[in-house]
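Novice: Sharing a sequence plus its predicted fold:
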Amino acid sequence: MSMEVESVRCECCGLEEDCTGDYISSVKADFGGKWLCGLCSEAVRDEFGKGEKKSHEEAVKAHITFCRRHNNSNPAVRVADGMKQILRRRSAGSSSKATASCKKNV
């Protein structure tokens, strides 16, 4: 099992996440070789589950089209991107503080 983390970008919405290689492979296996973030994968599963699309591939293509059509004009995407940046900054700050406190205790 690989614990190495790598960045991967959602083929629907463009969200970039850091994930293990094993997780990336399992998501790609579920969606015809395409990597989808959690939100997009749920949207695709939901659309496929409704029976509107005959295959997962059709559901993925439909969701990619939807995201490309609405991504640039959707203010929620800009808010989500801002929150993502804030969380990454906080995460980077807390991990450096944790490392510093661990060194002090040694």
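Specialist: Good, I have the coordinates. Residues are numbered from 1 along each chain as shown.

Novice: give the contact list for the residue nearest the centre of the chain.
Specialist: In the chain, the C-alpha nearest the mean C-alpha coordinate belongs to residue 37, at 2.8 Å (C-alpha atoms, centre = their mean). With contact set as C-beta atoms under 8 Å, 6 or more residues apart in numbering, residue 37 has these partners: 10, 12, 13, 15, 17. Every C-beta, even on glycine, is put in place using the N, C-alpha and C of the backbone.

Novice: Quick one: low-confidence residue ranges for this structure.
Specialist: Scanning the chain for pLDDT under 70 picks out the ranges 1-2, 52-53, 70-79, 81-82, 93-106.

Novice: hang on, the earlier thing: tell me the two of the contacts of residue 37 that are most distant?
Specialist: Greatest spatial distance among the contacts of residue 37 (C-beta to C-beta): 12 and 17, at 12.5 Å.

Novice: Tell me which of those two has more neighbours.
Specialist: Using other C-beta atoms under 10 Å as the criterion, residue 12 and residue 17 rank with residue 12 on top: 26 against 16.
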